[in-house]
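Quick one: sequence and predicted model below, then my questions.
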Amino acid sequence: MSRPLPKDATLVELRPETLTFRTREGLLPGTAVDLVLRLEGQPLALQAPVQGCMVAEKERSGYIFHCRLDLTALPGPDLHIIGLFISKGRGSPVLSGPVAK
């Protein structure tokens, strides 16, 4: 079973094997997350498992988590597209939740 990307999620880091985002929601390792990663304006729909979720900050209103997704679980073509985007070093990737059907 999967869940959508938290609405407040913002991208922290994108590497060929992991994607890290910041959120106020703690996610358990193994939870599959549905998201859309925009690379140079082009949407790439993904579903990746949470590899780890760490407390990054504590604020008055609660905790801020950094959740790391395991991109090695993605199909080869998706990994290849992400690798090409990173190697080109152009533009900034943008995260969003999946489009409602």
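On my side now, so go ahead.

Going by C-alpha atoms from here, please, whenever you check contacts or count neighbours.
Noted.

Next, the buried residues of stretch 21-31.
Phe21, Arg22, Thr23, Arg24, Glu25, Gly26, Leu27, Thr31 (16 or more other Cα atoms under 10 Å).

what's it in contact with?
For stretch 21-31, contacts defined as Cα atoms under 8 Å, 6 or more residues apart in numbering pick out 1-3, 6, 8-13, 49-53, 62-68.

In terms of helices and strands, where is the residue nearest the centre of the chain?
The centroid of the chain falls nearest to Leu19 when counting by Cα atoms, centre = their mean (4.8 Å). Secondary structure assignment for Leu19, by DSSP states H and E: strand 18-23.

after that strand comes which helix or strand?
Remark: after strand 18-23, the chain's next helix or strand is strand 32-39, criterion DSSP H and E.

So which elements touch that following strand?
strand 2-4, strand 42-59, strand 94-96 (3 or more Cα pairs under 8 Å, 6 or more residues apart in numbering; DSSP states H and E).

between those, which gets nearest to Leu79?
Closest to Leu79 of the helices and strands packed on strand 32-39, according to Cα to Cα: strand 42-59, at 10.2 Å.

Buried residues of that closest one, list them for me.
Leu46, Gln47, Ala48, Pro49, Val50, Gln51, Gly52, Cys53.

Quick check: neighbours of that strand in the sheet, parallel or antiparallel?
Each strand paired with strand 42-59, and its direction, by DSSP bridges: strand 32-39 (antiparallel), strand 62-70 (antiparallel).
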